[in-house]
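*Asks:* Have a look at this fold, sequence not included:
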């Protein structure tokens, strides 16, 4: 179930992309490294690599990784690759681990934040496209620059203070969901960017990697819906706040919940666990002690 005002589904197959390749409004963005892009890519795709700590899609702000770029920087980057108001954008990422799929979701989410309505992710990424024997190009696609200036959807993101208020007040109307792996959520493991075990008190766990099949395609909508329902319920209007370590897995979960399943009030705590435990005032922590 995609959200309203879309002309394309939020997740497209290689068949869909092949059948719509000649649409003049279509813009294919390959977010893999330039080196991988040169080895082969979907024909017509422009390259705009996703990279940490800084790229067209990421910013380093106050020591926090994977923050949304300033509006002017984001709009300029989008203009440089030919984004227009009416663009239909398909994001093509890599596969091989869930973080690469999360990168594609992060770019798609950022484009939606920047005001583009018709954004999709290519299911299975470039590897599935190539594995199926579809056309592959090694030519560099030179985009036609535009002047894109959209309206930011600032309601997509919430600040640490907002999440703190919900936790302190024990607001039962809000569901907070941790998208990290169970090992990190329960405090068995820690991540290098936020080496403090545990999770936000009251947060439920829906690991972003579990949203994917073994071949890095997305699970079916029926399965995703059942998974989401077991964690956040079936009320599509209920407020949901998702977070992870720095913002990648949260973007993947947000994309599934909001764009694919139609939960209308999903927000990303973009500072994530890195800000929660790494900057004052430090947020409260729930952790299970393992002997």
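*Replies:* Okay, I see it. Source: prediction; values computed, not measured.
*Asks:* Now the longest helix along the chain: buried residues?
*Replies:* Longest among the helix segments of the chain by residue count, using DSSP state H, is helix 98-113. By 16 or more other C-beta atoms under 10 Å, the buried positions in helix 98-113 come out as 98, 100-113. Quick note: C-beta positions are derived from backbone N, CA and C, even for glycine.
*Asks:* could you point out which element follows that helix?
*Replies:* strand 118-122 (DSSP states H and E).
*Asks:* Run the chain-centre distance for that following strand.
*Replies:* Relative to its chain's centre, strand 118-122 lies at 11 Å (C-alpha atoms, centre = their mean, to the nearest Å).
*Asks:* circling back: could you check the angle strand 118-122 makes with the longest helix of the chain?
*Replies:* Note on geometry: by axes from the mean of the first three to the mean of the last three C-alpha atoms, to 10 degrees, helix 98-113 and strand 118-122 are set 170 degrees apart in direction.
*Asks:* for the record, mean pLDDT for helix 98-113?
*Replies:* Averaging pLDDT along helix 98-113 gives 98.
*Asks:* what stretches of this protein score poorly on pLDDT?
*Replies:* Counting by pLDDT under 70, the chain shows low-confidence ranges at 1-4, 289-291.
*Asks:* by contact count, what packs against the longest helix of the chain?
*Replies:* With contacts taken as 3 or more C-beta pairs under 8 Å, 6 or more residues apart in numbering; DSSP states H and E, helix 98-113 sits against strand 88-92, strand 118-122, helix 125-131, helix 248-254.
*Asks:* State the next helix or strand along the chain beyond the one helix or strand residue 37 maps to.
*Replies:* Using DSSP H and E, residue 37 sits in helix 34-39. Of the helices and strands lying after helix 34-39 in sequence (DSSP H and E), the nearest is strand 46-47.
*Asks:* rewinding a little: can you list the neighbours in contact with the helix holding residue 37?
*Replies:* 30, 45, 47, 49, 94, 126, 138, 140 (C-beta atoms under 8 Å, 6 or more residues apart in numbering).
*Asks:* quick one: contacts for the fifth one?
*Replies:* For residue 94, the contacting residues are 32, 36, 100, 103, 125, 126, 127, taking C-beta under 8 Å, 6+ apart as the criterion.
*Asks:* so what's the fifth one closest to, chain neighbours aside?
*Replies:* Nearest non-adjacent residue to residue 125, counting by C-beta to C-beta, 6 or more residues apart in numbering: residue 95, 4.3 Å away.
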